[in-house]
Structures are given as structure tokens and as C-alpha cells.
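1. model the structure of this input:
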Amino acid sequence: MTLVAVLPGDGIGPEVAAEAIRVLDALGIEHAEHAFGGNAILADGTPLPDQTLEACRAADAVLLAAVGLPELEGRPVRPEQGLLGLRRELGVYANLRPASADGIDLVIVRELVGGLYFGAKGTRDDGTWFDTCEYSRPEVERIARRAFEIARERRGRLTSVDKVNVLHTSRLWRDVVSELGASEYGDVPLDHALVDSFAMTVVTAPETIDVVVTENTFGDILSDVAAAVTGGLGVAASASLGDEPPGLFEPVHGSAPQIAGQGIANPAAMLRSTALMLRHGLGRPDEAEALERAVETGLRDAPTPDLGGTATTRGMGDAVLRALEG
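-> Presented below is the predicted three-dimensional model:
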């Protein structure tokens, strides 16, 4: 039996998660909801309760909606700490961020559990604050290998993005990716780019990009830029994968507390994340493709207010389900 752990989270999270759950029901996929994020802090004092973590570990895939509550901003314990902890505990080191629009079809493969976000940080006696960026050869090898494999399955072009002219870790990054390309993936054309100039390429010529591999911080920024170029964060999805299941699948948008409870949140990113889960987490590519097509239909026929339409969250979900089941 396939089991999906659903983490509705905060803000609009439960609203968009409800539409994903309707899709899971339509496809006959078992699921169970678990507390996570800000609401878990309010209830249990931690964003990642032990029982939620155990349920995620036992599941075939984890589907997360969104986390973040304004009343918890500035607190020592924050919802985002639960997200970082869950990524670490599940070992999901490869974050896939597809971005598509007319003539644009790219995937950014972001290293997810290293670099500045996970390195040593603190303050010194002289008042200096610091964050440390560290990468090891095995960490770079495993994310590069994942990116090469994805490029091989697509149009066969990989761009590795770094800042080799300034950062010491980028020198390791470029060396390892180049060596791996030469020794194991000679059939995949590889080029390298500096992050600042590549950011301009994402904005001015995204149609020239196929697959991108980069470290954590650069990937975080570039994938948001790519999302903006292809429709915005409200419709952007992501998949976070390790060497073993479960993977973690989540929309890129935040919890949007300012519209929570109004029934107008766009569920497209959540449903696209569900499609990524079907494809990369559950091995159901035909259903993933059908859902992706259905979401496109929903966006066209029942756009929510953020897209200039009048449909409710439920209304777009209805349109997607009709297309999926039709």
C-alpha cells in the first residue's frame, strides 16, 4: 500500500493541501495528515514533533503545503527550523525546481543540505557575525550525478553554476563537476557559468537553459528568479530527493497569512508538487503527466484572483479534477 504523509502546515497551507488530498483520493492513494510548522509550535512547542517525523520516515512520500505564522516571527523557535530539520532527517539533498512557460522548459537542481544554510554560524567577541560555507567532495559528487542523470533524460545539456573567481568552495565544485562529466557522463554536454552573469541569462534568455546544477544559496535565489520569469512563485513547485524514499514535495510559495481563510489561494503550485511526487516519489509517471495537463486546464479555465480570475481555491480544484477524471 502506498502511503503519503501530508503536512498541511500554516496559513493557506491547509486550504491548498485540501485540493491535493482530493487528487490523492481520486487516484486511490492512501494519506494521513500530521502537524508541522507554526501550528505545531503553538500546539506542541516544536515545528517538527517526533510523531510527525516518524510518520514521514514511514511514508512513501511527504507532501508539504506551507509553513510560517506572523505571530511567531522573531521567536527562538520558528516554523522554518522544522523545514530545515525535516530535510536533514530525510536526507533529501537534491532539490528540483522546474520552471516552464511558452518556449521555456528548465530545471534547476539545487544542493539542499549543505553550504551557508547548514555551516557553522555565530558571533565573535568583537561583535562580528558569521556564516560558514562548506562542501565536501562526496556532497558535490552526489548532487552533480543527480543533475547529469536528469539532463540525460531530458534534452541532454547541463550548466553548472558557481562563483569560482571568488569562492574557494566553488573551485572544488567546478573541479568535481568537470571530472564527473569527463569520466561518467561524456554524452552530456557540460558548461560552466558564474552565478551573477547566469542570473541575467535566466531573466533575458531562459529558453536557452535546460538543466542547471548549483549549490544551496545560489540555487535558492536562481530558482525564485526562474519562477518569476515563468509565472511567479504562486504556481511554482519543487521536489526534494535523497538516495532513498521518502522524498519531500512542496510548493515554493509561502503560507500567505494575509489571505488565509478567504478561499482564494491558488492551489496550482500544490497540485504541481503533487504531480512531481507522483513522478519522482511514487513512480507513477502517467498519472503525473495527466495531473500536469489537468493543472494547465485549471489555470486556463478557472484562474484564481492572483491570476486575474474569480475562481475560488475549491473552484480551481474542481476544474483540475474534472480534467483529470474526464
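2. separation between residue 174 and residue 229?
-> As judged by Cβ to Cβ, to the nearest Å, residue 174 and residue 229 stand 25 Å apart. The way it works is simple: take the backbone N, C-alpha and C, and place the C-beta from them, glycine included.
3. pLDDT weak spots in this structure?
-> For the chain, applying pLDDT under 70 flags no range at all.
4. tell me where it has strands.
-> 3-9, 30-33, 61-66, 94-101, 104-111, 121-123, 129-131, 158-162, 190-194, 211-214, 237-241, 247-251 (DSSP state E).
5. figure out which of these is closest to residue 282.
-> strand 61-66 (5.8 Å; Cβ to Cβ).
6. what packs against the closest one?
-> If contacts are counted by 3 or more Cβ pairs under 8 Å, 6 or more residues apart in numbering; DSSP states H and E, strand 61-66 sits against strand 3-9, helix 13-26, helix 79-90, strand 247-251, helix 268-276.
7. which residues touch that strand?
-> 4-14, 16-17, 20, 31, 36-37, 56, 83, 86, 90, 245-251, 253-256, 270, 273-274, 277, 281-282 (Cβ atoms under 8 Å, 6 or more residues apart in numbering).
8. that strand pairs with which strands?
-> strand 3-9 (parallel), strand 247-251 (parallel) (DSSP bridges).
9. if we can go back for a sec, could you export the strands of the chain as CSV, including distance to residue 321 and mean neighbour count?
-> Below are these laid out as CSV (distance: least, Cβ to Cβ, whole Å; neighbours: other Cβ atoms under 10 Å):
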stretch, distance to residue 321, mean neighbour count
strand 3-9, 17, 24
strand 30-33, 16, 14
strand 61-66, 17, 28
strand 94-101, 22, 22
strand 104-111, 26, 23
strand 121-123, 45, 10
strand 129-131, 44, 10
strand 158-162, 37, 26
strand 190-194, 41, 16
strand 211-214, 32, 28
strand 237-241, 18, 25
strand 247-251, 18, 27
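10. got those as a markdown table, with distance to residue 306 columns?
-> Below are the strands of the chain laid out as a markdown table (distance: least, Cβ to Cβ, whole Å):
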| stretch | distance to residue 306 |
| --- | --- |
| strand 3-9 | 19 |
| strand 30-33 | 25 |
| strand 61-66 | 14 |
| strand 94-101 | 16 |
| strand 104-111 | 20 |
| strand 121-123 | 35 |
| strand 129-131 | 33 |
| strand 158-162 | 30 |
| strand 190-194 | 32 |
| strand 211-214 | 27 |
| strand 237-241 | 16 |
| strand 247-251 | 13 |
